[in-house]
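Chemist: Quick one, fold the following:
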Amino acid sequence: MFISISTTGTAQRPATDLGFLLHKHPDKVQRFSTSHGVAHVLYPEATEAACTAVLLLDVDPVALVRQGRGKGRGGSPDLALAQYVNDRPYAASSLLAVALRTVFRSAMKGVCEHRPGLADQPLPLRISLPAVPANGFGRGDSGPGDSGAAEGSGGGAAMVARLFEPLGWRTEAVEIPLDEAFPEWGTSRYVRVELSGTLRLSDALQQLYVLLPVMDGSKHYWVAPDEVDKLLAAGEGWLGDHPELGLITRRYLSRRWSLTRLALERLALARLAEAEGQEAEEVDNAVDDLPQDHDDAGQQDGKEDGEPQDRDRDQEQDRAQPDEKPVPLAVRRREAIVAALHETGAARVLDLGCGQGELVGALLKDVRFTEVLGVDVSSRALAAAARKLRLDRMSERQAARVRLVQGALAYTDARLKGYDAAVLSEVIEHLDLPRLPALEYAVFGAARPAAVVVTTPNVEYNVRWESLPAGHVRHADHRFEWTRAEFAAWADEVARKYGYTVTVRPVGPSDDEVGAPTQLALFRIGTAVPTATAPSTIAQDASQEGSATR
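Modeler: Residues are numbered from 1 along each chain as shown. Reported below is the predicted structural model:
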């Protein structure tokens, strides 16, 4: 199998600059060993006006048989003799993709030490692939993140266009007949591909590395979790916005659904972080690096409760009878939220900022809640929630009641509309105050559930935590903590702007001087016409961000 890469040039920018970019001298024929054969690099033409580099991969079929058999490894499983008679030495597939990465590693990274800045310049490129297995869109190739490609939507030529043209390529794909002497036999699954466009060589190589096995629909080697890292590295800058994101991800990862979910979640997180102007690690901070299985008498609520370890247990011990076990504040808060939801008669509930799923689990234990949607920006928190809830072991009826999805609460999201109630438990204090109006609009203005329950710490109560230094908030990620008067004023203003009524109540042991440790606001939709409009900080609908679903 082989691939040719051609470019044109001028006296000011000669075409032979291609040799600098590929780190392969045009006057030499070079030979490289790969895991499945020998790769040769040569230049059929190398002039100032035109230059063509060819990668010829001479596959060792015996090595293929020895290194792997069966689906996705040693060849197609369709035939009993597939390991001995197959297309791998002749048709561009994942074998050629691996050879590209091996031979042109520096070029793929955009490194050109001899000519600084050259790798950043777009070039007029023409790439030829004489035979590419392209299986078209088939069963299992549609799903979340797809543009609608499904079975029957086109063969190999259509697939080439839908994969490459959104990236700026002009495509020519000719389906190769089974036998030219017998046209009535129809076409094969192979296409002759010509790609032309003006872009950086490193981008072109990265795209080929990902899309060659995608067109084939299989890989010659076992797909391990590190393939997710390879996909995201090669797809940086283009994969997240591709209309066939879902299909590319699934096929590249050989339809391993757990890896596909992980890749889509990480891509969604990267987009959300970019929208927020933060690093992904800063956004995905809902789970500490410490083990999360411990409960510390219920203090770990999965949402960064912020109460210092054992503090509310110590305070409540004084109020409990000697033979009573103190009730942790996290448990009291969940009980108060569930009670508020019962007051509203809600059946379909949103848990916004669901963390590790403690409230979701509590709601699922109550048959009055027929549907629960947990939303969090942190993919790690969602993964922890799925483990704690044992989603993979739930009965079909129970699993139909719950979904966990990734999303940023400061962006409007069509998936959140139509619910009876929404809960924001220990969430608002994690937002910078300038971002709070965006969350208010996304929840109260756009999603607009019939009821909203909000809980947040009462900063006045902090003086009762003996080990909390004066002036400190309860958790390092809290951007603010409000007094009872401040929270009540905020709740009243939000209710007025968005046409709700609101009542505020304490949660936890109450102190005559400083109140309770947590404060809760129950909003109910009213008859007033909301007066608020979308804040300018809301840039786009989060449902268009391609958020991964679990």
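
Chemist: Residue 515 versus residue 459, what's the distance?
Modeler: Separation of residue 459 from residue 515 (Cβ to Cβ, to the nearest Å) stands at 10 Å. Just so you know, the C-beta spots here come from the backbone N, C-alpha and C atoms, and that holds for glycine as well.

Chemist: and what of residue 363?
Modeler: Applying Cβ to Cβ to residue 363 and residue 515 gives a distance of 27 Å.

Chemist: ok so, going back, what is in contact with residue 459 and residue 515 at once?
Modeler: By Cβ atoms under 8 Å, 6 or more residues apart in numbering, residue 459 and residue 515 have no common neighbours.

Chemist: Give me the phi and psi for residue 16.
Modeler: Dihedral pair for residue 16: phi -70, psi -10, per degrees, to the nearest 10.

Chemist: ok, so what distance separates it from residue 52?
Modeler: Using Cβ to Cβ, residue 16 is found at 11 Å from residue 52.

Chemist: Mutual contacts of those two, please.
Modeler: Residues touching both residue 16 and residue 52 (Cβ under 8 Å, 6+ apart) are residue 46.

Chemist: circling back to that earlier point, specify which residue of residue 363 and residue 515 has the higher count of neighbours.
Modeler: Counted by other Cβ atoms under 10 Å, residue 363 and residue 515 do not tie: residue 363 has more neighbours, with 24 against 18.

Chemist: who does the longest strand seen in the chain pair up with?
Modeler: Counting residues, the longest strand found in the chain (DSSP state E) is strand 187-199. Strand pairing for strand 187-199, using DSSP bridges, gives strand 123-133 (antiparallel), strand 170-177 (antiparallel).

Chemist: Just the mean pLDDT for the first one, thanks.
Modeler: If I follow you right, that is strand 123-133. For strand 123-133, mean pLDDT rounds to 94.

Chemist: Show me what secondary structure element comes after it.
Modeler: Using DSSP states H and E, the helix or strand that follows strand 123-133 in sequence is helix 156-164.

Chemist: which stretches of the stretch 401-550 of the chain have low pLDDT?
Modeler: Counting by pLDDT under 70, the ranges of the stretch 401-550 of the chain that qualify are 527-550.

Chemist: so where do the strands sit in it?
Modeler: Under the criterion DSSP state E, counting those that start in this stretch, the stretch 401-550 of the chain contains strands at 402-406, 421-425, 451-457, 500-507, 518-525.

Chemist: Take those strands and write them to CSV, including distance to residue 253 and mean neighbour count.
Modeler: CSV is the format used below for the strands of the stretch 401-550 of the chain (distance: least, Cβ to Cβ, whole Å; neighbours: other Cβ atoms under 10 Å):
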stretch, distance to residue 253, mean neighbour count
strand 402-406, 18, 21
strand 421-425, 34, 26
strand 451-457, 38, 25
strand 500-507, 44, 17
strand 518-525, 43, 23
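
Chemist: In a markdown table, list those along with distance to residue 205.
Modeler: Formatted as a markdown table, the strands of the stretch 401-550 of the chain follow (distance: least, Cβ to Cβ, whole Å):
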| stretch | distance to residue 205 |
| --- | --- |
| strand 402-406 | 30 |
| strand 421-425 | 46 |
| strand 451-457 | 50 |
| strand 500-507 | 55 |
| strand 518-525 | 54 |
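
Chemist: picking up where we left off before, next, the angle helix 156-164 makes with the longest strand of the chain.
Modeler: Between strand 187-199 and helix 156-164, the angle formed by their directions is 30 degrees, by axes from the mean of the first three to the mean of the last three Cα atoms, to 10 degrees.

Chemist: After strand 187-199, which helix or strand is next?
Modeler: Following strand 187-199 toward the C-terminus (DSSP H and E): helix 201-216.

Chemist: Mind giving me the packing neighbours of that following helix?
Modeler: strand 2-8, helix 17-22, helix 94-103, helix 105-109, strand 123-133, helix 156-164, helix 226-234, helix 245-252 (3 or more Cβ pairs under 8 Å, 6 or more residues apart in numbering; DSSP states H and E).

Chemist: looking at the ones you listed, which is buried most?
Modeler: With neighbours defined as mean count of other Cβ atoms under 10 Å, the helices and strands packed on helix 201-216 peak in mean count at helix 245-252, which reaches a mean of 25.

Chemist: chain center to it: distance?
Modeler: From the chain centre to the centre of helix 245-252 is a distance of 12 Å (Cα atoms, centre = their mean, to the nearest Å).

Chemist: Can you name every helix or strand that that helix contacts?
Modeler: Under the contact definition 3+ Cβ pairs under 8 Å, 6+ apart, helix 245-252 sits against helix 201-216, helix 226-234, helix 257-276.

Chemist: Dump the first one to CSV, restricted to CA.
Modeler: Below are the C-alpha coordinates for helix 201-216, written out as CSV (Å, rounded to 0.1, in the frame of the first residue of the first chain):
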residue,chain,number,x,y,z
LEU,A,201,1.1,19.5,6.6
SER,A,202,0.9,18.5,10.3
ASP,A,203,-2.9,18.9,10.3
ALA,A,204,-3.2,16.8,7.1
LEU,A,205,-1.1,14.0,8.6
GLN,A,206,-3.0,14.1,11.9
GLN,A,207,-6.3,13.9,10.1
LEU,A,208,-5.2,11.0,7.9
TYR,A,209,-3.9,9.2,11.0
VAL,A,210,-7.4,9.3,12.6
LEU,A,211,-9.6,8.9,9.5
LEU,A,212,-7.9,6.0,7.7
PRO,A,213,-9.0,3.5,10.3
VAL,A,214,-12.3,5.2,10.6
MET,A,215,-13.0,4.7,6.8
ASP,A,216,-12.0,1.0,7.2
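
Chemist: Any chance of JSON lines for the helices and strands packed on helix 245-252, columns distance to residue 413?
Modeler: As requested, these are arranged in JSON lines below (distance: least, Cβ to Cβ, whole Å):
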{"stretch": "helix 201-216", "distance to residue 413": "28"}
{"stretch": "helix 226-234", "distance to residue 413": "23"}
{"stretch": "helix 257-276", "distance to residue 413": "11"}
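
Chemist: looking at those helices, which has the lowest confidence?
Modeler: Among the helices and strands packed on helix 245-252, helix 257-276 carries the lowest mean pLDDT (a mean of 73).

Chemist: Could you check the angle it makes with helix 226-234?
Modeler: 30 degrees.

Chemist: just the helices and strands packed on helix 245-252: most buried one?
Modeler: helix 201-216 (a mean of 24).

Chemist: now it, how far from the centre of its chain.
Modeler: Counting by Cα atoms, centre = their mean, helix 201-216 comes out at 20 Å from the chain centroid.

Chemist: what's the answer for stretch 117-132, then?
Modeler: 29 Å.

Chemist: repeat for stretch 508-525
Modeler: 37 Å.

Chemist: before we move on, back to that, indicate which one of the strands of the stretch 401-550 of the chain is closest to residue 352.
Modeler: Among those, the nearest to residue 352 by Cβ to Cβ is strand 421-425 (5.2 Å).

Chemist: quick check: angle from the closest one to strand 518-525?
Modeler: 160 degrees.

Chemist: and strand 421-425, which strands flank it?
Modeler: Short version: by DSSP bridges, strand 421-425 pairs with strand 348-352 (parallel), strand 451-457 (parallel).

Chemist: any idea how far residue 436 is from residue 384?
Modeler: On the measure of Cβ to Cβ, residue 384 and residue 436 end up 26 Å apart.

Chemist: same thing with residue 242?
Modeler: 34 Å.

Chemist: Tell me which of those two has more neighbours.
Modeler: residue 242 (22 against 19).
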